[in-house]
Structure formats: C-alpha cells, structure tokens
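Chemist: got a sequence here, can you build the structure:
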Amino acid sequence: MSDHHSIFPPSAMDALVKCPCYHSGTAGEAAQKGTDQHNYAEALLRNQIGKAEIYGRKLSAEDRDNVQWYVDLVRAQASGELEIELSLELMGKNFEQITFGKIDAAAGPDIWDYKSDREERDHKYQMAAYALMRIRQKGLPQVTAHICYGKLRKVVSLTFTEAEAWDMVENVLALSYDPQRAQMPNEYCSWCREAVSCPALTRHVSVVAANYAPEESNKIACWNPGEVSDPAVVGRMLTIARIVGPWSEAVEKHAKLMLEAGKNVPGWSILERAGARQITDITKAFALCGLSEAAFLKCCSVKVGELEEVYAAEKGVKKAEAKRTLKDLLAEVTEQKKPYALLVRQKEG
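Modeler: Coordinates of the predicted model:
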C-alpha cells in the first residue's frame with residue numbers, strides 16, 4: 001500500500017481547497033530532499049543509529065541540524081508512548097475509505113509533522129485529516145497538530161475537535177465532487193501534473209503572449225515592469241507572474257523529457273554543460289599542490305554546520321554544546337550573512 005491515497009492524499013488537501021482539479025505530480029528534487037529528511041528523522045526517533053548514519057550522509061549539515069531540532073522538540077513535548085510513522089485510514093459515513101496516510105509522530109492527543117519548506121505554507125486541511133484519524137483511533141475529544149518547520153525553527157500548533165476536523169475534510173470532498181468545479185490558479189500549480197494543459201493557466205499565458213511582440217515596441221512597453229509605477233498594477237502583474245511561472249516551469253520540464261526521449265521539439269535542443277569540479281580530499285590536495293598553508297587556506301571555506309558536528313564528535317560533547325562553544329571561540333572570525341527577502345502572499349483574513 002502506498003503512503004497516501006491517490007485521489008485525496010492528506011498532503012494535497014490544502015491544494016484541493018484552492019483548486020479542486022489539483023493532481024499531485026511527480027516528486028521533484030525538493031520533494032526528495034524532504035523525504036530524505038523524514039527518513040533521517042524517523043531513524044533518530046527510533047534510535048536506529050545505523051540507519052540514521054546512512055540517511056544522514058544524504059543530507060547537508062544544515063538539513064541534519066534542522067531535523068535534529070525537530071527530533072529534540074518531539075522528544076521534549078511528547079507525553080506518554082511515542083508512536084513513529086503511524087499509518088492510519090479515514091473512513092466515511094458509509095464506512096468507505098476516504099483516504100489514508102502516515103502521521104510523522106504521535107503521543108496521546110498530540111501529533112507532530114515535520115516540514116522542510118523554505119517558507120511557511122498552509123497545512124491546516126492536511127492536519128485536520130490527520131487529527132480526525134487520530135481522534136477516531138484513540139477516541140479522543142480533540143487533537144493538537146504541531147507543524148514543525150525545521151529550516152524556519154518555527155512551530156504552528158492547531159487544535160481540532162472531531163466535528164471541526166470532519167467539517168474541513170467534508171469541505172474538500174464537496175469541492176472535489178462538485179460537477180461545476182473549475183481550475184483555480186494558485187501557488188500549488190507548479191506541483192500539479194496538469195499544469196501544462198490546464199486551461200486556467202493557459203488562459204493567463206495567452207494574455208501575456210498576445211501582448212508580447214518584439215517587433216511591436218508599443219506592446220512591449222506596456223509589459224515592462226520597470227515602467228509601472230502604480231502599486232495596484234504591480235500587484236496584478238505579480239499575481240499573473242505567479243500563475244504563468246509554474247506553467248512555464250512545467251512546460252520546460254515536459255520539453256526536456258521529450259527531447260531526452262529522442263523527440264524533436266522544433267527550435268529547441270538539449271545543451272549539456274560540464275559539472276563544476278570539486279576537491280574530494282582537501283588534505284591530499286594541499287600536499288599535492290605545493291602551496292604554502294596560508295595561500296592554500298585562502299582558497300578554502302568552512303561550513304559552520306559541519307564544523308559543529310566534527311567538533312562535537314572530536315570533543316565528545318552534544319551538538320548544542322558544540323554550537324555554543326564554537327560561537328564564542330570563533331566570534332572574531334565569524335560574520336552573519338546579509339538577510340535575503342522572500343516575496344510571499346499575505347494571508348487572507
């Protein structure tokens with residue numbers, strides 16, 4: 001049995017509310033990284049040291065640190081028996097299976113879900129489905145779902161009664177089974193397998209295409225973002241950009257697959273570039289190149305997360321202690337990178 005229902009997977013419910021025609025696409029690189037982090041978290045929570053080492057090698061030091069934060073949080077908050085990767089199903093009023101899925105961690109009336117997202121997203125409908133399954137499994141009056149964003153070091157907690165959770169799940173079902181349902185472009189479009197052919201997306205693209213003509217400068221001018229001074233117009237343009245963007249990504253992915261399969265896409269071809277070279281053994285490289293230590297070190301960089309892990313292992317201390325110690329020891333040679341800005345849509349209400 002797969003981890004999630006093919007029609008109403010809990011992980012897709014927040015997307016289905018925004019577009020009842022949404023269909024989860026093939027997992028990409030980001031999704032695979034998320035899976036690797038979940039596997040690492042499961043091994044740590046189960047105290048499976050060997051598996052944790054195997055899964056940990058697939059992750060960056062930062063990602064391992066993010067997962068460790070989540071694991072420590074779950075262990076600190078869990079009261080009673082801790083259940084890991086709990087498989088549950090959700091039945092309807094006529095005892096038909098609506099969906100099923102795996103809860104990352106659960107203990108009594110609390111469940112935890114790890115997220116590797118780079119920014120906070122809505123997961124309340126997914127959590128409602130998990131909470132409903134847990135409530136019915138244990139006969140609980142309510143369940144609190146803790147959404148744990150490892151990269152953001154943030155926890156969002158949502159509490160559901162059975163009635164509240166069921167209302168939310170029923171809302172998803174009603175929208176999905178509505179014969180008048182229509183495609184609604186939103187931020188989940190880039191993960192939808194129908195993005196390339198979606199009429200709602202292509203309708204917006206056709207508007208852009210109709211106004212894009214390099215040979216007609218008057219059409220180009222009105223679409224030059226740098227020449228727009230009205231914030232309201234910029235807001236509308238940004239909305240369209242967020243719709244067209246996922247569609248264009250889906251088109252590029254589809255085109256690459258066709259070209260790699262030997263099909264001809266007129267006017268386009270695959271150009272392969274050599275991957276960047278990297279040093280696999282720094283110590284040996286230093287001995288081979290014959291440079292002075294000072295000159296060689298100028299070409300090297302230190303990953304803080306990995307340094308903390310090595311320090312902890314070498315000194316026989318916990319990661320948190322290593323982090324605090326190194327922060328003090330290396331204060332004069334450490335600098336904080338400039339913050340970067342993310343453009344996010346304001347939440348309604």
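Chemist: looking at this structure, which strand is longest?
Modeler: strand 97-107 (DSSP state E).
Chemist: may I see the buried residues of it?
Modeler: 98-107 (16 or more other Cβ atoms under 10 Å). (Each C-beta comes from the backbone N, C-alpha and C, glycine too.)
Chemist: which residues in this structure form strands?
Modeler: Under DSSP E, the chain gives strands at 83-91, 97-107, 110-115, 142-149, 154-161.
Chemist: nearest to T35, of the ones you listed?
Modeler: strand 110-115 (11.0 Å; Cβ to Cβ).
Chemist: which strands and helices lie in contact with the closest one?
Modeler: Applying 3 or more Cβ pairs under 8 Å, 6 or more residues apart in numbering; DSSP states H and E, one finds that strand 110-115 makes contact with helix 29-45, helix 61-77, strand 97-107, helix 124-138, strand 142-149.
Chemist: between the ones you listed, which gets nearest to A285?
Modeler: That would be helix 61-77 among the helices and strands packed on strand 110-115, by Cβ to Cβ, at 20.5 Å.
Chemist: mean confidence score for that closest one?
Modeler: The pLDDT scores in helix 61-77 average 94.
Chemist: likewise for stretch 146-154?
Modeler: pLDDT averaged over stretch 146-154 gives 95.
Chemist: and what of stretch 110-128?
Modeler: pLDDT averaged over stretch 110-128 gives 93.
Chemist: ok now it, how far from the chain's centre?
Modeler: For stretch 110-128, the separation from the chain centroid amounts to 10 Å (computed by Cα atoms, centre = their mean, to the nearest Å).
Chemist: ok, and for it, which residues are buried?
Modeler: 110-116, 121-128.
Chemist: any figure for the gap between the residue located most distally from the centre of the chain and M258?
Modeler: Here the centre of the chain is the reference, and by Cα atoms, centre = their mean the most remote residue is G290, at 44.1 Å. From G290 across to M258, the span is 49 Å (Cβ to Cβ, to the nearest Å).
Chemist: quick one, domains of this protein?
Modeler: Domain segmentation of the chain under automatic domain parsing yields 10-177, 194-260, 289-326.
Chemist: look up the closest residue to the most centrally placed residue in the chain, ignoring the ones flanking it.
Modeler: Nearest to the geometric centre of the chain sits D117, at 3.5 Å (Cα atoms, centre = their mean). Nearest residue to D117, sequence neighbours excluded (Cβ to Cβ, 6 or more residues apart in numbering): Y149, at 6.1 Å.
Chemist: sorry, back to before: can I get the helices and strands packed on strand 110-115 in a markdown table with distance to V228?
Modeler: Converted to a markdown table, the helices and strands packed on strand 110-115 look like this (distance: least, Cβ to Cβ, whole Å):
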| stretch | distance to V228 |
| --- | --- |
| helix 29-45 | 31 |
| helix 61-77 | 37 |
| strand 97-107 | 44 |
| helix 124-138 | 35 |
| strand 142-149 | 34 |
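Chemist: out of those, nearest to V169?
Modeler: That would be helix 124-138 among these, by Cβ to Cβ, at 5.7 Å.
Chemist: helices or strands up against that closest one?
Modeler: helix 13-18, strand 83-91, strand 97-107, strand 110-115, strand 142-149, strand 154-161, helix 162-177.
Chemist: in a markdown table, list the ones you listed along with distance to R273.
Modeler: Formatted as a markdown table, the helices and strands packed on helix 124-138 follow (distance: least, Cβ to Cβ, whole Å):
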| stretch | distance to R273 |
| --- | --- |
| helix 13-18 | 34 |
| strand 83-91 | 40 |
| strand 97-107 | 38 |
| strand 110-115 | 33 |
| strand 142-149 | 34 |
| strand 154-161 | 37 |
| helix 162-177 | 43 |
